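**Q** Fold the stuff below for me.
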Amino acid sequence: MTDIFVNLPTSDLDRAKAFYTALGASLKPEFTDDNAACVVWDEHIYFMVLTREFFSTFTDKQVADPATTALVSTAFSRTSREEVDRVVEAGLAAGGSEPREVQDYGFMYSRDLDDPDGNSLSFLYMDPVAAEQGPEAYLAEQGQQA
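**A** Model (predicted):
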């Protein structure tokens, strides 16, 4: 099994911890201190939210400002449209912002959420038929054409 660690810079570590725990993640205290917080999404997916200063010690490149520069958008699937809405609404209440309108393609429903630093997240629900067989199969089942 592979564990995934996504490193994100933050200008306010306490604010970032509050934001991600409001989305339903937890913190791993053994890897959380004044420089970093280990945000646990599930048993194999973690965010290491690092102060910008500490983040810069892991690279010789300039650290981009996520408020103005998009480098990556991390997407999480959810079990329903309602779950997508619930997690995004929790993120908005915790200081996040929604940079785009809802994307509803029938077979896939997604919403984007920027954390308070501007790091991009997406939450999506995909119909099980479309997820397994592709959007064309879902549309055919609905009597539609691609």
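**Q** So the residue minimising distance to the centre of the chain: helix, strand or coil?
**A** Among the residues of the chain, the one closest to the centroid is Leu121, at 3.1 Å (Cα atoms, centre = their mean). Secondary structure assignment for Leu121 (DSSP: H, G, I helix; E, B strand; the rest coil): strand.
**Q** so Leu139 makes contact with Gly106?
**A** Yes. With contact defined as Cβ atoms under 8 Å, Leu139 reaches Gly106; the gap is 7.3 Å. Where C-beta positions appear, they are placed from N, C-alpha and C, glycine not excepted.
**Q** Who are the packing partners of the longest helix along the chain?
**A** With secondary structure taken from DSSP state H, the chain has its longest helix at helix 81-93. Secondary-structure packing of helix 81-93 (3 or more Cβ pairs under 8 Å, 6 or more residues apart in numbering; DSSP states H and E): helix 13-22, strand 108-114, strand 120-126.
**Q** Domain parsing of this structure, as residue ranges.
**A** 1-59, 66-146 (automatic domain parsing).
**Q** Just give the number of residues close to the residue lying closest to Pro135 once chain neighbours are set aside.
**A** Closest residue in space to Pro135, ignoring its immediate chain neighbours: Phe107 at 4.9 Å, by Cβ to Cβ, 6 or more residues apart in numbering. By the criterion of other Cβ atoms under 10 Å, Phe107 has 21 neighbours.
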